[in-house]
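# coordinates only, sequence not included:
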């Protein structure tokens, strides 16, 4: 993953662009009927159940919109919530609360859905020693928030993007002329460009796993779309030569069985691309 400093920059960019997109030259609905001097207070109300995520992000949004807004947090990120819970109160200029409202809700609703799904997978893996990973199958422009939500739900982040890790998949291998050539070219590229990036290689069958191990120098092997029996065999062949990762349509019904095959990681795009937003509201209070 990228550094925390770079991650923070990504989050700042999301906030800046989202406010630009939503506010434009002004929130004219609020400007038209609410005095600039009016003060208000609102609560983040839960109308669903699951794991709450995005509280810390919401604080950053409020601070970006108006540094004088104050947030009183009642429930922290990663906590289970139910219908009727109040996550936080925000107080300050009424116009500022309304300007930040939609970004806060859009982000928290999605982040909470992702954190909830991740926690379900984490619970299914309990006791196996296998960890759940996210993927790059994220909403364009919102990757940092979605990967943040995975962490809040107890999962692990895969690479952030194309630039922070090498991942040689089927198309890379085929375009390169085979696994051996792909790995050797990659090692030379890293040497020539003085880059220190970990290498993950996807294997489509047991023979490819043996080829990867013969070349060596790989951080993790992606055991992709294998059945249970072949996954167990692959894990045995690999041993402690590198880390192992299973992927390929793994869901709530199959994740435990793949973990019991002995893999170190299971990656799932479903954590971020197949969730339904949680129902949250920001309501004015007296």
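In hand now; what should we look at? Because the structure is a prediction, the values reported are computed rather than measured. Numbering: from 1, shown residues only.

# ok, which stretches of the stretch 51-200 of the chain are strands?
For the stretch 51-200 of the chain, the strands defined by DSSP state E, counting those that start in this stretch cover 70-73, 80-81, 86-93, 131-133, 166-168, 199-203.

# out of these, nearest to residue 148?
Proximity to residue 148 (C-beta to C-beta) singles out strand 131-133 among the strands of the stretch 51-200 of the chain, at 14.6 Å. Using the backbone N, CA and C atoms, a C-beta is placed for each residue, glycine as well.

# what does the closest one rub up against?
Contact with strand 131-133 is made by 118, 121-122, 125, 154-158, 245, 255, 264-268, 271, as judged by C-beta atoms under 8 Å, 6 or more residues apart in numbering.

# With stretch 261-274 instead?
Stretch 261-274 has contacts (C-beta under 8 Å, 6+ apart) with 114, 117-118, 121, 125, 129-135, 137-139, 146-147, 150, 153, 155-156, 158, 220, 222-223, 228, 231-232, 235-236, 243-247, 250-251, 255, 258-259.

# Now restrict those residues to buried residues only.
Among the contacts of stretch 261-274, the ones that count as buried by 16 or more other C-beta atoms under 10 Å are 114, 117-118, 121, 125, 130-135, 138, 146-147, 150, 153, 155-156, 158, 220, 222-223, 231-232, 235, 243-247, 250, 255, 258-259.

# My guess is residue 241 contacts residue 212. True?
No. Contact criterion C-beta atoms under 8 Å: residue 241 and residue 212 do not qualify, at 9.2 Å.

# Looking at these two, which one has more neighbours?
Taking other C-beta atoms under 10 Å, residue 241 and residue 212 do not tie; residue 212 has more neighbours (26 against 12).

# Excluding chain neighbours, give the residue nearest to that one in space.
Closest residue in space to residue 212, ignoring its immediate chain neighbours: residue 201 at 5.1 Å, by C-beta to C-beta, 6 or more residues apart in numbering.

# So that neighbour is in contact with residue 221, correct?
Yes. Judged on C-beta under 8 Å, residue 201 makes contact with residue 221 at a distance of 5.9 Å.

# list residues touching both of those two?
Listed as contacting both residue 201 and residue 221 by C-beta under 8 Å, 6+ apart are residue 212.

# Next up, the contacts around the most centrally placed residue in the chain.
Per C-alpha atoms, centre = their mean, the C-alpha nearest to the average position across the chain is that of residue 147, at 1.8 Å. Applying C-beta under 8 Å, 6+ apart to residue 147 gives the contacts 1, 134, 138, 157, 160, 272.

# 7 Å instead, please
The contact partners of residue 147, taken as C-beta atoms under 7 Å, 6 or more residues apart in numbering, are 134, 157, 160.

# Can you read off the pLDDT for it?
Note on residue 147: pLDDT of 98.

# Return the distance of it relative to residue 196.
Distance, residue 147 to residue 196, using C-beta to C-beta, to the nearest Å: 21 Å.

# quick one: contacts for the closest residue to residue 142 other than its chain neighbours?
Excluding the flanking residues, the one nearest residue 142 by C-beta to C-beta, 6+ apart is residue 14, at 6.5 Å. Residue 14 is in contact with 141, 142, 144, 145, counting by C-beta under 7 Å, 6+ apart.

# And residue 14, which helix or strand is it part of?
helix 4-23 (DSSP states H and E).

# before we move on, the earlier item: which ones among the contacts of strand 131-133 map onto helices?
118, 121, 122, 255, 271 (DSSP state H).

# In TSV, list those along with pLDDT and distance to residue 186.
Below are these laid out as TSV (pLDDT from 0 to 100; distance: C-beta to C-beta, whole Å):
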residue	pLDDT	distance to residue 186
118	98	30
121	98	30
122	98	32
255	97	30
271	96	27
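
# and those residues as JSON lines, adding distance to residue 207?
Formatted as JSON lines, these follow (distance: C-beta to C-beta, whole Å):
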{"residue": "118", "distance to residue 207": "34"}
{"residue": "121", "distance to residue 207": "30"}
{"residue": "122", "distance to residue 207": "33"}
{"residue": "255", "distance to residue 207": "26"}
{"residue": "271", "distance to residue 207": "30"}
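
# So which of those residues is the closest to residue 45?
For the ones in helices among the contacts of strand 131-133, the nearest to residue 45 is residue 118 (23.1 Å; C-beta to C-beta).

# In this structure the closest one contacts residue 156, no?
No. Counting by C-beta atoms under 7 Å, residue 118 sits too far from residue 156 to count as a contact (9.5 Å).
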